[in-house]
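> turn this into a structure:
(one chain, ligands or ions: 1)
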Amino acid sequence: MSYQFGTNWATFSDKAGPVIGPLMGYEVLTAFFLEAGFLGIALFGRQRVGNGLHMFAVAMVAVGTLVSATWILAANSWMQTPAGFAMNADGQFIPTDWWAIIFNPSFPYRLVHTVLAAFLTTAFAVGAVGALHLMRDRDNRHARIMFSMAMWMAALVTPVQIFVGDLHGLNTLEHQPAKIAAMEGHYETQRGAPLILFGIPDDEAEETKFALEIPYLGSLLLTHELDGEVKGLKAFPKDERPPALLPFITFRVMVGLGVLMLLVGLWSLWARFRKTLYTSTWLHRAALLMGPSGFVAVLAGWYTTEVGRQPYTVYGLLRTSDSLSNVDAEAVGASLIAFIIVYFFVFGAGTFYILRLMWKSPTSGGGGELAGAPTRAAGITPAIQIEATGGDNAGR
Ligand code: HEM
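Numbering: from 1, shown residues only. Alright, predicted model coming up:
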């Protein structure tokens, strides 16, 4: 992103730089150093520094990531709901109140929603690995701990996430009503608006085709009144509307996955109560299938947020089309292709490595410090845990 600010978004960087620049600078100063400094110890230092210091390093990586998320979400939220600035004669955003900039109206909701999303993503990834190894060996102690912790997280955090998501949506309705209209697939402003479950929003025809709807529920969810008024896209000038199709679809993907996460969480509670948490093959299959769900929900959420705030980079003030660098499409295309090639190998190698770690039984390799080790070790991510088991993982 930092790279893109310079190459593709030079006008945005010039205009919004006085606000965004320091926020990104704080991120690097406070967060990256913490994360990067301790990540090496977390991944490779366990045998060298001892359990206590190793645990501390892992915690510092987590804290660093959280601080990093805070700054970057403050920057993104400011672009969605700008506050605490004045404009100078060159049309630049000049900070007047940093407190208002950081704690802008959408920041608290976005921070909590995104951090919970990360917790859930982790829970379902770890849960899937636990489930995979339980399907192979129900008595695998490490797999049991992994699965149990992940399912606790899923059962406890998903309802909170859905509640926070609802509050987030109400806040968006207040500050970016056109985004909500696009997410809901509403073109007409109406009282007693339906909730459109499925359909195909068509911006040309200004209607959602093949709509399957539940009467009044749209108004009830958004205004908490049966006949509350909900604005449609036609209430906004055409050149201020976001394209509706993508946010409409991605919002449903996100919420649909949230509902599935809730069901798996509740199922795990039921299985725990019936003492079948480690033996229910169907639950393990479901958890395995849900392994990538968090990643997909997070991407869907970001598509909703970012496409829904079009056509602006700084909402209502700076248009996306006015934020671009003065470079040709070919140049943008070339740098994009370069990115795709480089990241294909970098992410490809990382993904391959992680999938291989996940595939191996947490007890594989035997010996090492984790054989019969304290259960606390399971609190560390499986990748790190396996790394520490030595044996055939050693030396990597
Ligand atoms: C099931 C109920 C959910 C509701 C009602 C909900 C609501 C929302 C809303 C309204 C937005 C857009 C806010 C805006 O752009 O201003 C959003 C964005 C987002 N959602 Fe959800 N969400 C739900 C579930 C989830 C789940 C399960 C995840 C991931 C595990 C998730 C991850 C995200 C992310 C990463 C964003 C983009 C960042 C942000 O704007 O907060 N959401 N969600």
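
> quick one: average pLDDT of the helix or strand L263 falls within?
Secondary structure assignment for L263, by DSSP states H and E: helix 245-273. Mean per-residue pLDDT for helix 245-273: 97.

> wait, does it contact the ligand?
Yes. Using C-beta under 6 Å from any ligand atom, helix 245-273 comes into contact with the ligand via 254-255, 257-258, 261. Just so you know, the C-beta spots here come from the backbone N, C-alpha and C atoms, and that holds for glycine as well.

> double-check that P201 belongs to a strand.
Yes. With DSSP: H, G, I helix; E, B strand; the rest coil as the criterion, P201 is located in a strand.

> so what's the residue nearest the centre of the chain up against?
Most central in the chain under C-alpha atoms, centre = their mean is V298, positioned 3.5 Å from the mean C-alpha point. The contact partners of V298, taken as C-beta atoms under 8 Å, 6 or more residues apart in numbering, are 114, 117-118, 121.

> ok now the longest helix belonging to the chain, how far from the chain's centre?
If you go by DSSP state H, the chain has its longest helix at helix 141-175. How far helix 141-175 lies from its chain's middle: 12 Å, per C-alpha atoms, centre = their mean, to the nearest Å.

> and it, average pLDDT?
Mean pLDDT, helix 141-175: 96.

> near the ligand, which residues of the stretch 101-250 of the chain?
106, 110, 113-114, 117, 120-121, 161-162, 165-166, 168-169, 172, 179.

> how many neighbours does the residue in the stretch 1-150 of the chain that the ligand sits nearest to have?
Taking C-beta to the nearest ligand atom, the ligand has its nearest neighbour within the stretch 1-150 of the chain at A117, 3.5 Å off. Using other C-beta atoms under 10 Å, A117 has 22 neighbouring residues.

> that one contacts L299, doesn't it?
No. Contact criterion C-beta atoms under 8 Å: A117 and L299 do not qualify, at 10.3 Å.

> the ligand contacts on the stretch 251-396 of the chain?
So far as C-beta under 6 Å from any ligand atom goes, the stretch 251-396 of the chain lies against the ligand at 254-255, 257-258, 261, 294, 297-298, 301-302, 304-305, 308.

> who's in contact with the residue in the stretch 101-250 of the chain that the ligand sits nearest to?
The nearest approach of the stretch 101-250 of the chain to the ligand comes at G165, 2.4 Å away (C-beta to the nearest ligand atom). Applying C-beta under 8 Å, 6+ apart to G165 gives the contacts 113, 255, 258.

> quick one: contacts for the second one?
Residues in contact with V255, defined by C-beta under 8 Å, 6+ apart, are G165.

> next: the last one.
Neighbouring residues of G258 by C-beta under 8 Å, 6+ apart: 158, 161-162, 165, 297.

> hmm, back to that, what are the buried residues along the helix holding L263?
245-255, 257-258, 260-262, 264-265, 267-269, 271-272 (16 or more other C-beta atoms under 10 Å).

> for the nearest residue to S2 once chain neighbours are set aside, what are its contacts?
Spatial nearest neighbour of S2, chain neighbours left out: M24 (6.7 Å); criterion: C-beta to C-beta, 6 or more residues apart in numbering. By C-beta under 8 Å, 6+ apart, the contact set of M24 is 2, 71-72, 75.

> which SSE is M24 in?
helix 10-26.

> burial measure for the residue lying closest to M153 once chain neighbours are set aside, as a count.
The shortest distance from M153 to any non-neighbouring residue, by C-beta to C-beta, 6+ apart, is to A123 (3.7 Å). Using other C-beta under 10 Å, A123 is surrounded by 27 other residues.

> now swap in the one 4 residues further on and tell me
A count of nearby residues for G127, using other C-beta under 10 Å, gives 32.

> how close does it get to L257?
Distance, G127 to L257, using C-beta to C-beta, to the nearest Å: 14 Å.

> over to A193?
For A193 relative to L257 (C-beta to C-beta), the value is 24 Å.
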